[in-house]
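1. Take a look and give me a structure for this.
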Amino acid sequence: MTNKYDLSIIGGGPGGYVAAIKASQLGMKVALFEEDRLGGVCLNWGCIPTKSLLHSAEFIEEAKHFGLNNDDLSKIALEKIVEKSRKASENLSKGVSSLMKKNKIDVYAIKAVPQLENNIFKIKYNDEFIESDKLILATGCKPRTIGDTKFSDLIWSSKEAMIPKFLPKNLSIIGSGAIGIEFASIYNALGSNVTVFESQDKILPQFDKDVSIEAQKIFEKKGIKFELNAKISAINENKKKVIISNDDQSIESDALIMSIGVSPNLDTKIIENTKLKLDKAGYIETNDNYETNTANLFAIGDIIGGPWLAHKAMHDAINCVERISTGQNTHKPKTHHIPGCIYSLPQVATIGYTEQQLEELSIPFKKGNFPFLANGKSQTMSNTFGFVKTLFNSETGEFLGAHLIGPDVTEMISTFGLAISSESTEDEFINTVFAHPTLSESIHESVLSAFGKPLHF
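-> Down below sits the predicted model:
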């Protein structure tokens, strides 16, 4: 018995389920395959639950402004914080299931391994085959480890770090990218002594240098320690401790979080059955239309390489499905047009070129900087760390990039996203009336600063 579809999608994360919805809206009969829970890593073990944990951590930090001390805060139950984060994920996963039903998408809860026969993709389900003319792979990525190190009760990936069985007194984190820094903020607020190991000479190595420097200063004031230029030679564990060998020193921790990036989550049988071509890092090679080397086989999201972001995967999904539906050429978003956010305490957000990249490209630029210390709203929040930095082409005035660290800056970055995608100049920013008192006024002030017209600093 066979069941025929216009489009099959493997992977029910942000890329996969958005592709399914869009395809259904465009009139296709769609089958979606997800072996775990709808929503993927982002919704179940990434973006959503970590934001809940960070919200709880922020509450704990805020409480200290009202006279509560560490003894008071120690009564906060770790299990309740974790339970709250899991509830948020469960609610949203159920919401995705409802969207599938609303859009008449058939969901198959299996690990799908397609076969290609006579230009038809076939996936076995119980005693039948699911067939489709076209197939999208949206299988995402999985956490990397160092060497042959295995995740365990004491060595955690981001998943284990979200559902800890205990609160480590001393916690080590390898990697100071988005995941590492977010967990450093969470566990620091919960009371752990946190040490972060970074192989490069600054934390947040992909970010603008000014943001990296400011972030390290703020995190160190909170008690987070950093080991830069780290050279991890060995990781060992006994029943109670993890021992990290860094150069000539050994550091003991109660737990270790490994946050050194991700690797493709792609079954070798899929590669063999469809004759997929991969790049040197193991990601699926695609053209600007998300087409692979195999006819009618497409790939989107993390599995085609970075940036590894849910919002990038969703954008891929819409572009890819419109290509399938209309046959018209599409294009992948420019990497520097995609915002990056870290929901640490304080938050970090970025888009466009960094100052260092502009110098390397010999692009003439002007830069503005406005500190949250001079912003009225941030003063009322007792949260005055950080700044808004903006970059413009000094010859044309075109907006080139923004780099923010401070309160709720992840809610401000989309303003810059609109500006960079529409090739805005300083005029659009300067002539816009920003509401007062708001944190977003700092955008206006930073642009004014770049063009020698500062008002409040």
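
2. Domain ranges for the protein, per the record?
-> What automatic domain parsing lists as the domains of the chain is 2-142+263-326, 155-260, 346-450.

3. Same list (those) but as CSV, adding mean neighbour count, mean pLDDT and distance to P339.
-> Any C-beta I mention is one placed from the backbone N, CA and C, and that applies to glycine too. Below are the domains of the chain laid out as CSV (neighbours: other C-beta atoms under 10 Å; pLDDT from 0 to 100; distance: least, C-beta to C-beta, whole Å):
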stretch, mean neighbour count, mean pLDDT, distance to P339
domain 2-142+263-326, 19, 94, 7
domain 155-260, 19, 95, 12
domain 346-450, 19, 98, 4
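
4. any chance of those domains in TSV, plus distance to I338?
-> Below are these laid out as TSV (distance: least, C-beta to C-beta, whole Å):
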stretch	distance to I338
domain 2-142+263-326	5
domain 155-260	12
domain 346-450	7
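
5. Mind checking these for the one nearest to K332?
-> Closest to K332 of these is domain 2-142+263-326 (C-beta to C-beta; 5.6 Å).

6. residue ranges of the strands in the stretch 351-457 of the chain, please?
-> Secondary structure of the stretch 351-457 of the chain by DSSP state E, counting those that start in this stretch: the strands cover 365-371, 387-393, 399-406.

7. of all these, which lies closest to S378?
-> strand 399-406 (6.9 Å).

8. and that closest one with strand 365-371, angle?
-> Per axes from the mean of the first three to the mean of the last three C-alpha atoms, to 10 degrees, the angle that strand 399-406 makes with strand 365-371 is 20 degrees.

9. correct me, but E182 touches S344?
-> Yes - using C-beta atoms under 8 Å, E182 is in contact with S344, at 5.3 Å.

10. Pull up the overlap in contacts between the two.
-> Residues touching both E182 and S344 by C-beta atoms under 8 Å, 6 or more residues apart in numbering: L54.

11. out of the domains of the chain, which comes closest to F457?
-> F457 lies closest to domain 346-450 among the domains of the chain, at 4.4 Å (C-beta to C-beta).

12. end to end, how far does that closest one reach?
-> 24 Å (C-alpha to C-alpha, to the nearest Å).

13. Present the strands of the stretch 351-457 of the chain as CSV; the columns should include distance to S245.
-> Shown next, in CSV, are those (distance: least, C-beta to C-beta, whole Å):
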stretch, distance to S245
strand 365-371, 40
strand 387-393, 37
strand 399-406, 32
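
14. For H55, which of these is the nearest?
-> Ranking the strands of the stretch 351-457 of the chain by proximity to H55 (C-beta to C-beta) places strand 399-406 first, at 16.8 Å.

15. Packing partners of the closest one?
-> If you count contacts as 3 or more C-beta pairs under 8 Å, 6 or more residues apart in numbering; DSSP states H and E, strand 399-406 packs onto helix 209-221, strand 347-352, helix 355-360, strand 387-393, helix 413-421, helix 441-450.

16. Export these to TSV and append columns for distance to S52.
-> Below are the helices and strands packed on strand 399-406 laid out as TSV (distance: least, C-beta to C-beta, whole Å):
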stretch	distance to S52
helix 209-221	21
strand 347-352	15
helix 355-360	34
strand 387-393	26
helix 413-421	20
helix 441-450	27
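
17. excluding its backbone neighbours, what's nearest P307?
-> Among residues not flanking P307 along the chain, I338 sits closest, at 5.6 Å (C-beta to C-beta, 6 or more residues apart in numbering).

18. can you count the residues close to that neighbour?
-> By the measure other C-beta atoms under 10 Å, the count of residues near I338 is 19.

19. residue contacts, it?
-> For I338, the contact set (C-beta under 8 Å, 6+ apart) comprises P307, L309, H311, K312, H315, I351.

20. ok so the fifth one is a helix residue?
-> Yes - for H315, which was evaluated using DSSP: H, G, I helix; E, B strand; the rest coil, the result is membership in a helix.

21. What score does the residue nearest to it when sequence neighbours are not counted have for pLDDT?
-> Residue nearest to H315 in three dimensions, not counting chain neighbours: P333, with 5.5 Å by C-beta to C-beta, 6+ apart. You'll see P333 listed with a pLDDT of 88.

22. ok, back up a step: I'd like to know which of the helices and strands packed on strand 399-406 lies nearest to D279.
-> Nearest to D279 among the helices and strands packed on strand 399-406 is helix 355-360 (22.7 Å), distances taken as C-beta to C-beta.

23. can you give me the strands for the stretch 51-200 of the chain?
-> Along the stretch 51-200 of the chain, the segments classed as strands by DSSP E, counting those that start in this stretch run 106-108, 115-117, 120-125, 128-137, 141-143, 155-156, 170-174, 193-197.

24. how about the CA coordinates for the longest one, as CSV?
-> What follows is strand 128-137 as a C-alpha-only set of coordinates in CSV (Å, rounded to 0.1, in the frame of the first residue of the first chain):
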residue,chain,number,x,y,z
GLU,A,128,3.1,0.9,3.7
PHE,A,129,5.2,3.4,1.7
ILE,A,130,4.9,7.2,1.8
GLU,A,131,5.7,8.5,-1.6
SER,A,132,6.4,12.1,-2.8
ASP,A,133,7.7,13.8,-5.9
LYS,A,134,9.8,16.2,-3.8
LEU,A,135,11.6,16.0,-0.5
ILE,A,136,13.0,18.6,1.9
LEU,A,137,15.7,17.6,4.5
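
25. contact partners of it?
-> By C-beta under 8 Å, 6+ apart, strand 128-137 touches 1-11, 16, 19, 31, 108, 114, 119-124, 266, 270, 274, 284, 290, 292, 296-300, 303, 320-321, 324.

26. what is the orientation angle of that strand with strand 120-125?
-> Here the directions of strand 128-137 and strand 120-125 differ by 120 degrees (the same axes, to 10 degrees).

27. Direction included, what does strand 128-137 pair up with?
-> Taking DSSP bridges as the criterion, strand 128-137 forms sheet pairs with strand 2-10 (parallel), strand 120-125 (antiparallel), strand 297-299 (parallel).
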